[in-house]
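In: Everything below, folded, please.
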Amino acid sequence: MLRPMSAPVDIELIKGRQRAEDLRRLAAGEVTPEQLQRENAIVQSAADILHVDFSPRGTPEQWARIIHDLERG
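Out: Residues are numbered from 1 along each chain as shown. Coordinates of the predicted model:
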């Protein structure tokens with residue numbers, strides 16, 4: 001069950017605490033810089049992303065259907 005929050009969350013404070021914990025773990029030798037970078041990556045992957053293809057796929061009709069379905073859903 002979700003409970004409403006009684007106070008706003010200070011995202012910068014959370015980020016600062018996480019950064020301090022990351023530095024502590026590095027200093028203690030618990031993780032390598034590479035492991036820490038993988039943990040903090042938005043996309044976690046064992047492989048490096050060498051090329052990202054942003055070219056559109058599909059026909060305009062297919063995209064219209066996808067957008068329509070998303071708006072309904």
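In: Identify the single longest helix in this structure, thanks.
Out: Using DSSP state H, we find that the single longest helix of the chain is helix 11-27.
In: by contact count, what packs against whichever helix or strand comes after it?
Out: Using DSSP states H and E, the helix or strand that directly follows helix 11-27 along the chain is helix 33-40. Applying 3 or more C-beta pairs under 8 Å, 6 or more residues apart in numbering; DSSP states H and E, one finds that helix 33-40 makes contact with helix 11-27. C-betas here are computed from N, CA, C, even on glycine.
In: Can you tell me what sits against the helix it packs on?
Out: For helix 11-27, the surrounding residues in contact (C-beta atoms under 8 Å, 6 or more residues apart in numbering) are 31, 33, 36, 40.
In: go again using 7 Å as the cut-off
Out: Residues external to helix 11-27 that are found in contact with it (C-beta atoms under 7 Å, 6 or more residues apart in numbering): 31, 33, 36.
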